[in-house]
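Novice: My questions are about this predicted structure, shown below with the sequence.
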Amino acid sequence: MPPNSSSKWSAFDPRTRWGKVYLALLLLRCYSAFFGYGYIHPDEWMQSGEAYFGFTLPGNDARIPWEWRPDQALRSFSSLRFQYIFVDFLLYLFKKFSVPLSGYNLFLIQRTCMLLWTLSLDAYILDLPPRTARYVFCLFNISTAATTFLVRPFSNSHEANIVATCLMSTLSFYRNRTWYRPSGPGWNYGILLPAILAVEGLFNRFTFAIFSLPIGIFIAYTHIRIAKEGYLKQAFTSFTIAMVIALAALYHTVESETKFYTRSANINGLEVAKFSGSNWVIPPVNALLYNVKTENVAQHGLHPRWLHGLVNLPMMVGIANCVVMVIYGWQFVRGLWTSSVVKSSTRDSPARSTDAGPSDLGRSKEEEEEEEQKEIEQAIEASLVESAVTTNSSASASAFAAPARARARATTISSPDTNTPNPSSATEIDIEYVDIEPVAVGLCLTIIVFSLAILSISPHQEPRFLLALAFPSTIIMAYALQSPFFKLRPYFVRTLILIHILQHILQLVVFSFLHQGGLLPTLFSIDRSMSLLPTYGDPLFTRYQHHLLYRTFSVPFHFLPHKGRHTFPRVQHYDSSTTPENLVRLASISCNHTAIYAPTWIVPRLENFASLQDTVTLVKSHTFAWHIDLDHLHQYWIGATYQRSNLSFAIQKLDVTCKVVSQHVSDFNHKMQAEKQQDPTLAHKEL
């Protein structure tokens, strides 16, 4: 449909209704980013901040994951630097304004970086027609993808941002029909962005090649179409420039990865996982070779191959999106099939090829041109009337002044001379509007169906693997809600919108605020506690702390920057392989300097074993509320039956006090008090 005459930036104007909706959803996204302590998956931090600050922040006691070992080389540091492109600048601002680099500040820096990436995607959405862009803003910005996943430093989040940006750049490239005209530059600078991002996305995750393959094929097809229209030189120049840029970016990235892993191997005395006996290190190839082996992915969990299609896709993109994609996708494919059948039957019709004379052909062509001209005029006038209703009176006055110019432009567009353009002699035509709906919907459907089919082959399937499909599915839904089928069914549409909102709000609460939501506040508290330790004094009594974290997700140690400032504080993490008995024994070693942090449901077992050993006392000193582990949800609910929810769904801090030491101290104090009463001079000497 033609766009209305309102400015595309009006979607951000808080004075308009749509601008207020966007502002509210943006505030929700910011709140989720800065106050959502939910910890969705260990890869959220272990593949991003843990590695980045472990390599770049001096003195940070991060634990580098095994994927970054030189003999594995499954991750790309160049891609991680690009993902964290705003982090160095934010660190500079913190240093310039003398803000201490605490664990909480590192959290804010990373979330701010990812939030800025989402804002850049918002700007690209404005390339869509205004009404469609407003639909996309509302549908996508309320989704779990935008409010929960994209503001977190997942590699999947970075991949989804790149796929969405490449998709929007491709649609803009398709809509621009002036760059290859005689008065145009002869090549489209917009093609450079997908070329560069293609390399970045590939090194970020090898699955990017699956999501972006339909986009790459469409770009190549568009160049072929332009060449067939008579603009061979322009098409060849544009495609060549894009390929040269992509190859240059590929060479630079491979060279950077090779130097990075070779230097790391030399320092640690390890081998380097090189590509096919060469001297190059290509992480996405290593990651692909690792993931194609079932015994490797079995270590991370095996799933049925229908899980992506029946569970993960509805969870990640939304149930309503899936319903709309099935209905509108079927209508779209059926329409393409019907159109192709009609065209082929018309082309092969004997009456059209033999019975019709030249005059008949001429008259039919003129009739078609007149009909096309009328359709264009009606569409433009309808859009102008629509824009006049939605804008203020001053804008309406200027909007109704355009029909005469629009008719003149429509007449020029439908001119017979434009059917067979000649680059050397054809008159330049300024095409103001190109309907991108068929291309946008078809391309998004292809991305979703193709990617879902390929990714379902793997036996290891997680919902976040489909995060990149959230944006294409939203574009389909935005166009579908404007189609006659859905416009004629308002109750059905309202039901879908209600389901869409409720599902994503529920998932926002669970994943952004509750799931493992107490672990990060626990780490921030430990970091503050260590920051209060003196930098001098007796290492045993004044500079020592022992923190034991039990039965939580993997601990991102880069959130403890103050640990690197002291030699003696210890922070250790224990999983289910350590029994409660052993944990209590470990805690009893460093008396009165140890704290245990554990979910509420396991605390009674720890207290029970502590009482049986009769060596330590566990005292609850702090509660980090709203912490849920979905694997032990039943235990949490049992605890909620006899105590408040904020205590049941929480991490408890247990201070460890040794009974033996306490008893000796008490006996010593009683003895000294008795001696003072018997000999008053002893007290005088002590003074």
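Specialist: Thanks, I have the structure now. Because the structure is predicted, anything quoted here is derived from the model rather than measured.

Novice: Secondary structure element holding the spatially most central residue of the chain?
Specialist: With distances taken as C-alpha atoms, centre = their mean, the residue of the chain nearest its centroid is residue 157 (2.2 Å). Assigned by DSSP states H and E, residue 157 belongs to helix 155-175.

Novice: Now do that helix: which elements does it pack against?
Specialist: Applying 3 or more C-beta pairs under 8 Å, 6 or more residues apart in numbering; DSSP states H and E, one finds that helix 155-175 contacts helix 77-83, helix 103-125, helix 192-204, helix 208-228, helix 437-455, helix 470-480. (C-beta placed from N, C-alpha, C; glycine too.)

Novice: Could you list the low-pLDDT ranges of the stretch 351-500 of the chain?
Specialist: The model of the stretch 351-500 of the chain has pLDDT under 70 over residues 351-433.

Novice: which intervals of the protein have sub-threshold pLDDT?
Specialist: By pLDDT under 70, the low-scoring segments of the chain are 1-8, 346-433, 537-543, 564-568, 660-687.

Novice: Now find how far off-centre stretch 595-613 is within its chain.
Specialist: Between the centre of stretch 595-613 and the centre of its host chain there is 37 Å, according to C-alpha atoms, centre = their mean, to the nearest Å.

Novice: re the thing from before, tell me which of the helices and strands packed on helix 155-175 sits most buried.
Specialist: Most buried of the helices and strands packed on helix 155-175, by mean neighbour count (mean count of other C-beta atoms under 10 Å): helix 470-480, with a mean of 26.

Novice: That one to helix 155-175, inter-axis angle?
Specialist: Using axes from the mean of the first three to the mean of the last three C-alpha atoms, to 10 degrees, the inter-axis angle of helix 470-480 relative to helix 155-175 is 40 degrees.

Novice: next helix or strand past helix 470-480?
Specialist: Moving toward the C-terminus from helix 470-480, the first helix or strand encountered (DSSP H and E) is helix 484-487.

Novice: Which strands or helices does the following helix or strand past that following helix pack on?
Specialist: Downstream of helix 484-487, the next assigned helix or strand under DSSP H and E is helix 490-507. Judged by 3+ C-beta pairs under 8 Å, 6+ apart, the packing partners of helix 490-507 are helix 144, helix 319-347, helix 484-487.

Novice: Could you list the domains of this structure?
Specialist: Per automatic domain parsing, the structural domains of the chain span 40-59+68-84+153-292, 519-669.

Novice: The biggest helix by length in the chain relative to helix 208-228, how many degrees between them?
Specialist: As assigned by DSSP state H, the longest helix anywhere in the chain is helix 232-268. Here helix 232-268 runs at an angle of 160 degrees relative to helix 208-228 (the same axes, to 10 degrees).

Novice: one step back: CA atoms only for the helix holding residue 157, dumped as CSV, please.
Specialist: What follows is helix 155-175, C-alpha atoms only, in CSV (Å, rounded to 0.1, in the frame of the first residue of the first chain):
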residue,chain,number,x,y,z
SER,A,155,25.6,-13.9,20.7
ASN,A,156,22.1,-14.8,19.5
SER,A,157,21.0,-11.2,20.2
HIS,A,158,23.8,-9.9,18.1
GLU,A,159,23.0,-12.3,15.3
ALA,A,160,19.3,-11.3,15.4
ASN,A,161,20.2,-7.6,15.2
ILE,A,162,22.5,-8.3,12.2
VAL,A,163,19.9,-10.4,10.4
ALA,A,164,17.2,-7.7,10.9
THR,A,165,19.6,-4.9,9.7
CYS,A,166,20.5,-6.9,6.6
LEU,A,167,16.9,-7.5,5.9
MET,A,168,15.9,-3.9,6.1
SER,A,169,19.0,-2.8,4.1
THR,A,170,18.0,-5.3,1.4
LEU,A,171,14.4,-4.0,1.2
SER,A,172,15.7,-0.4,0.9
PHE,A,173,18.1,-1.5,-1.8
TYR,A,174,15.2,-3.1,-3.7
ARG,A,175,13.0,0.0,-3.3
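
Novice: OK, contacts around the closest residue to residue 463 other than its chain neighbours?
Specialist: Once flanking residues are discounted, residue 463 sits nearest to residue 312: 4.2 Å by C-beta to C-beta, 6 or more residues apart in numbering. Applying C-beta atoms under 8 Å, 6 or more residues apart in numbering to residue 312 gives the contacts 461, 462, 463, 465, 466.

Novice: hmm, back to that, and the gap between the residue nearest to the residue nearest to the centre of the chain when sequence neighbours are not counted and residue 140?
Specialist: Take residue 157 and drop its neighbours on the chain: the residue closest to it by C-beta to C-beta, 6+ apart is residue 150, 4.9 Å away. Distance of residue 150 to residue 140, given as C-beta to C-beta, to the nearest Å: 10 Å.

Novice: quick one: which of these two has more around it?
Specialist: Shown here are residue 150 and residue 140; by other C-beta atoms under 10 Å, residue 150 has more neighbours (29 against 26).

Novice: Could you check how far the more buried one is from residue 44?
Specialist: Applying C-beta to C-beta, the value for residue 150 to residue 44 is 12 Å.

Novice: cool, and residue 269?
Specialist: Distance, residue 269 to residue 44, by C-beta to C-beta: 31 Å.

Novice: on that earlier part again, could you give me the buried positions within the longest helix of the chain?
Specialist: Neighbour counts over helix 232-268 (16 or more other C-beta atoms under 10 Å) mark 234-235, 237-239, 241-242, 245-246, 249-250, 253-254, 256-258, 260-261, 264-265 as buried.

Novice: One more: stretch 18-38?
Specialist: Neighbour-count burial for stretch 18-38, counted by 16+ other C-beta under 10 Å, picks out 18-19, 21-22, 25-26, 28-30, 32-33, 36-38.

Novice: what's the answer for stretch 551-571, then?
Specialist: The neighbour-count check on stretch 551-571 (16+ other C-beta under 10 Å) flags 551-564, 566, 568-569, 571 as buried.

Novice: mind listing which of the residues you listed are in strands?
Specialist: Among the buried residues of stretch 551-571, the members falling in strands are residue 571 (criterion: DSSP state E).

Novice: Among the buried residues of stretch 551-571, which lie within helices?
Specialist: Short answer: the buried residues of stretch 551-571 have none in helices (DSSP H).

Novice: What is the three-state secondary structure of residue 623?
Specialist: strand (DSSP: H, G, I helix; E, B strand; the rest coil).

Novice: For the spatially closest residue to it that is not a sequence neighbour, give me phi and psi.
Specialist: Spatial nearest neighbour of residue 623, excluding adjacent residues (C-beta to C-beta, 6+ apart): residue 650 at 4.9 Å. Residue 650 adopts backbone torsions of phi -160, psi 170, taken as degrees, to the nearest 10.
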